[in-house]
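J.: here is the input, now give the coordinates:
(one chain, ligands or ions: 2)
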Amino acid sequence: MQARCFCGDVRLVIAGSPDWVSYCHCKSCRKATGAPVTAYASFKNSLLSFESGKLNIYESSPGTKWGSCSKCHSPVSYQADKCPDDTHLHLITIDEYAELIPDSHVHFEEKVVWMNILDDHPKYQGSGPVLQE
Ligand SMILES: [Zn+2]
Ligand SMILES: [Zn+2]
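T.: Ligands and ions are numbered 1, 2, ... in the order given. Presented below is the predicted three-dimensional model:
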C-alpha cells in the first residue's frame with residue numbers, strides 16, 4: 001500500500017497490514033483536522049518507509065506528535081510516546097483506504113452532538129481496548 005498527503009509531496013510505502021482501523025471522535029483530532037470525526041489506521045513504524053516529502057511535526061503536548069505535510073499542511077500522521085512503536089496514519093491518506101474498514105469508534109463520549117452514527121461497531125469511552133490490540 002501507499003499513502004500520500006493532499007499535494008502528493010509526502011509519499012510513503014506501507015509494507016504490511018494495520019493493527020487496527022478506527023474512528024476517533026476526540027476534540028484534539030477534530031481541531032487537528034478540521035473535520036467532525038477522523039479515521040486512523042495504525043501501523044508498526046517498521047512497516048512504513050518515507051519515499052518523499054517532509055513531515056512537519058507539531059507537538060501539542062510532550063510526546064504527542066501530529067505530522068502534516070510541510071508543503072500543503074494536510075494531516076498525515078499521529079504518534080504518541082505511550083505507543084512508541086506505532087504510527088497512526090489518517091486513513092484517507094492511504095490510496096487503498098477503501099479496503100481498510102474502520103470497525104470501532106474511540107473517544108465516543110466526545111462525539112459532536114449533531115452527528116448520528118448508525119453502524120453497529122463498538123463505541124468506546126477513551127481509547128477503550130483499541131490501543132492495546
Ligand atoms: Zn502535501
Ligand atoms: Zn482523536
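
J.: quickly find the element holding the closest residue in space to residue 38 that isn't next to it in sequence.
T.: Once flanking residues are discounted, residue 38 sits nearest to residue 29: 4.5 Å by Cβ to Cβ, 6 or more residues apart in numbering. Any C-beta I mention is one placed from the backbone N, CA and C, and that applies to glycine too. In this assignment (DSSP states H and E), residue 29 forms part of helix 27-33.

J.: how far off centre is that helix?
T.: Offset of helix 27-33 from its chain centre (Cα atoms, centre = their mean, to the nearest Å): 11 Å.

J.: in it, what counts as buried?
T.: Under the neighbour-count criterion of 16 or more other Cβ atoms under 10 Å, helix 27-33 has 28-30, 32-33 buried.

J.: out of those, which are close to ligand 2?
T.: With Cβ under 5 Å from the ion as the criterion, the buried residues of helix 27-33 include residue 29 near ligand 2.

J.: closest to residue 123 among the buried residues of helix 27-33?
T.: Checking the buried residues of helix 27-33 against residue 123 with Cβ to Cβ, the nearest one is residue 29 at 15.5 Å.

J.: contacts only, for that closest one.
T.: For residue 29, the contact set (Cβ atoms under 8 Å, 6 or more residues apart in numbering) comprises 37-38, 78, 107.

J.: flag every residue of this protein that's near ligand 1.
T.: Contacts of the chain with ligand 1, taken as Cβ under 5 Å from the ion, map to 5, 7, 9, 69, 71-72.
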